[in-house]
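> Just the structure for this:
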Amino acid sequence: MDLLLAPIFRLPRRWKRAISLLLDTVAISIAYWGAWVIQVDRPTVFYQEGNWVLWAIVLPITLMMFNKFGLYRAVLRYMGIKVAGAILIGIGTATFTLVMASFFTGYDLPRTVPLLFAMLLLIFIAGSRFFVRALVATAGRKSCEKVVIYGAGSAGRQLAQSLMHGNEYDAIAFIDDDKNLHNTFVMGRPVYSFGHLKHMLNKTDIKQILLAMPNIPRSQKSLILAKLEPLKIEVKSIPAMSDLVSGDASIDQLRDVAIEDLLGREPVAPREDLMGKDITGKVVMVTGAGGSIGSELCRQILMQNPKELVLFELSEFALYSIDSELTKLAKKHDLNVTIKPIIGTVQKSNRVETVMRIFAVQTVYHAAAYKHVPLVEYNIVEGVRNNVFGTYYTAKAAAEVGVERFVLVSTDKAVRPTNIMGTSKRVAELALQALSKQFTKTTFCMVRFGNVLGSSGSVVPLFRDQIRKGGPVTVTHKDITRYFMTIPEASQLVIQAGAMGKGGDVFVLDMGESVKIADLARKMIHLMGLEVRDFDNPEGDIEVQFSGLRPGEKLYEELLIGDNVEATHHPRIMTAQEVSLEWEDFQKLLAALDDGCHRFDIPLVQKLLLEAPTGYKPSSGLCDLVWESCESRAGEKPKSSLH
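Below you'll find the model as predicted:
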C-alpha cells in the first residue's frame, strides 16, 4: 500500500486536485445512476432523456459546491471536521439541486431517489476519503514507535492529535489517575489505570511514556515519576505550560524529564516588590554576566525594566551570546532598556571603577568567580586572585563610586570549606563584611546557595551525556549528597535577598532536601529507559562507577555557620550571623595574601587561609599544578604572579 500511495503523494498539488475531481465525477455519477437502479430496478432508466438532463444539471453544481467549500484544498492525510462539514454541505446542496431540477424541468423523480442519491454520495465521497486517510495512517503507524500518553486531559488529547499527524510516534493508549476515565476511549484510544501499565509493557512493545500534565504541581509530578522510575522505560514530557502559552514551544516538542520535576521542589512565586526594588528604573551592573548564574540574573533583571543594564564579562564569546539574547528579549517584550556589553576582568580595579563611574551604576550583582572545585585546587593563585581580590576590587570600587547596593553571589561551599574555592568565597564574604563597616553609604550583602541545575559543571547534563553515550556514569562517591535548585529560582531569590539587605548581611537560601547523587544517577538511567548494570544485574545497560572524591571535594555541603539563623519575611530566605573581621585586620590579611600570591608561595597562601576565620579544613594536600611542577625540579623556583 505504501508503494502504491507514495507516488501519488509526491505529485504536484494541481495534479492531486485534478485526480480528486475526476474521481468525484465518477463517484457522483455512480451515486446518481445507482439511486435510479435501486429504485426502478430496470435498465430502462438509462434510456430516459429526463434522467440524463437531471444528471447533467446535478453533476457540475455538486462539483462546484465541493470546490467552493474547500474540499479540494484539504490535504487528504489531515482531514478533519471542516472537511466533513464541506462534504455534508455539498451532498445537501446536490440533493436539493436534484429535487429543484426535477421540479423546474418537469421530469419525473421518485421520492426515494434523492434520498438514495444522498446516501450513496455520502458513502462514495466521505467514506472513500476517510477510508484512504485511515489506510495511510495505518500504513504510517507501522514504522512509528509505540508510546503511551500519561494524562488524558486536554493536554493529552492535544498531544495525541498532534502525534497523529506525525510519523514518529503512535500513541496506542492513555494512562490517567482519574477513575472516571478508566475503561473509556479518548481520541479513539483506550484509557487505563496506572496498575494496567505494567501489563501493557509486558504485552506490547511500548518504547516511551509521554507525560502530558503541564498544569499539575511539581510535587505531584515527582510522585508520578517515582512510580514510573522502577519500570525502566524512557519517559519524556511536553513543555511547561508557560512555554506553550508564550509560543516558545509546541505541544509535540517532547523533552527529557526535567530533573527539577524529579526532585519535586515547588518554586515560590517571586515577590514583585522585592524583585524591582533595586532594579526598576535604575542602572544595574552584573559581573560575570555571561556565566550560568550571571546570564540568568541578567534575564530576570531585564524583565524588571531597569534604565540601563551593564554586562561586565571577561569572555568575549559569552558576552556576545548574552548581549544578543537580551537584545532580542527586550525587543520581544517591548522593553526600553539600554544594554551595555563591557569586556573586562574584575581583577583590574581601575577598569571596574571606571565602568561604574561612567555609567553611574546604582546596583551591582557580583557573579564573576571561579567556582569549579578541582580546577581552583589546581590553580590556587588565580582562584584567590579572582575570587578574593576580584570581589574586593569590585566591591571597593562600588563603595568609592557611590553604588547604592552590592550583592555578592556566594556558595554553600563557603561553609566550613574543605577546598580553596569555598575558602576564597568565604574570604570574599569577609571582604564585604569589612567594607560594610568602613563604607556605610553602600549596602553590601551576600547570598549563599548550593548547586544549580544546568549550570556549567553541573552533574545533571554530564550524567545525561554519559547515559546517551552508553556509560559509564561516573559518581565520585556512593554517599555524596548535594543541594539543588533551578537557575531561574536561584537568580530570583538572589535579587529578592539582595533587596532585603541592610549591610553586611549573609543570606542563605532554602535549598530543600539534599539529594544523594548516586540515587539521582540511577533514576536518570531508569527514566531514560535503561537499566543499571551492577553485581545484581550484570546484563544491565549502564554502569555506575565511583571514581573517588576529587581534590577539595567533600561528601556533604552545608549552608550555615553556627546556629544563629533567623527567618526573614520570605519563606525561602534566611539570614545568618557570621564571624567577621575589622577593617584593619582584613587589610592585613589581604596584604599578606597579595604577597603570597605575588611570590607564588602556595604553602603561605594556604597557611593564611587556615588562620583566617573561614573554618577551612583541607580535605587533600596541595595540588596546584604549577607549584607541584616547580617543587619537583630541585632548586627551581616559580616566577611571581602578576597583579
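> gap between L590 and Y370?
Distance check for L590 against Y370: by Cβ to Cβ, to the nearest Å, it reads 18 Å. C-beta coordinates here come from the backbone N, C-alpha and C atoms, glycine included.
> State the pLDDT value of I602.
According to the model's per-residue confidence, I602 sits at a pLDDT of 93.
> neighbours around the closest residue to it other than its chain neighbours, how many?
By the measure of Cβ to Cβ, 6 or more residues apart in numbering, the closest residue to I602 outside its immediate chain neighbours is W627, 4.3 Å from it. Neighbours of W627 under the rule other Cβ atoms under 10 Å: 20.
> W627 - that's part of a helix, no?
Yes: inclusion of W627 in a helix is indicated when DSSP: H, G, I helix; E, B strand; the rest coil is applied.
> What backbone torsions are found at V235?
Here the main-chain torsion angles of V235 (degrees, to the nearest 10) amount to phi -120, psi 130.
> go on, D624?
Backbone torsions for D624, taken as degrees, to the nearest 10, come to phi -60, psi 130.
> burial measure for the residue lying closest to N537 once chain neighbours are set aside, as a count.
In this structure, N537 finds its nearest non-sequential neighbour in E531, 6.1 Å apart by Cβ to Cβ, 6+ apart. By other Cβ under 10 Å, 14 other residues sit near E531.
> Please look at E531 and I525 and confirm they touch.
Yes: with contacts defined as Cβ atoms under 8 Å, E531 counts as touching I525 at a distance of 7.2 Å.
> ok, N386 - contacts?
Applying Cβ atoms under 8 Å, 6 or more residues apart in numbering to N386 gives the contacts V346, Q347, A368, A369, Y370.
> closest to T93 among those residues?
For the contacts of N386, the closest approach to T93 (Cβ to Cβ) belongs to A368, at 72.7 Å.
> The residue lying closest to that closest one once chain neighbours are set aside: what's it in contact with?
Excluding the flanking residues, the one nearest A368 by Cβ to Cβ, 6+ apart is G288, at 3.3 Å. Shown here is G288, whose contacts under the criterion Cβ under 8 Å, 6+ apart are G294, F312, E313, V346, H366, A367, A368, A369.
> With E429 instead?
Contacts of E429 were listed using Cβ under 8 Å, 6+ apart, and they are L408, S410, A414, M446, V506, E578.
> Quick one: which of these is the most crowded by neighbours?
Among the contacts of E429, the one with the most neighbours (other Cβ under 10 Å) is M446, at 32 neighbours.
> Correct me if wrong, but that residue is in a strand.
Yes: the assignment for M446 is a strand, going by three-state DSSP.
> overlap in contacts of E531 and I525?
D541, I542.
> Can you give me the domain boundaries for the chain?
Domain ranges of the chain: 2-140, 144-263, 278-451+485-508+558-611, per automatic domain parsing.
> Looking at those domains, which is nearest to N537?
When the domains of the chain are compared by Cβ to Cβ, domain 144-263 sits nearest N537, at 10.1 Å.
> how much space between the residue nearest to A368 and Q208?
G288 is 39 Å from Q208, where distance means Cβ to Cβ.
> what's the answer for D278, then?
Spatial separation of D278 from Q208 under the definition Cβ to Cβ is 46 Å.
> where exactly do the helices run in the stretch 101-250 of the chain?
Along the stretch 101-250 of the chain, the stretches classed as helices by DSSP state H, counting those that start in this stretch are 112-121, 128-141, 154-164, 197-203, 218-228, 241-246.
> burial count for Q438?
By other Cβ under 10 Å, 15 other residues sit near Q438.
> Report pLDDT for it.
According to the predicted model, the pLDDT of Q438 comes to 92.
> Tell me which residues touch it, please.
When contacts are taken as Cβ under 8 Å, 6+ apart, Q438 is in contact with A399, W583.
> So it versus W583, what's the distance?
Distance, Q438 to W583, by Cβ to Cβ: 5 Å.
> Likewise for E628?
According to Cβ to Cβ, E628 and W583 sit 36 Å apart.
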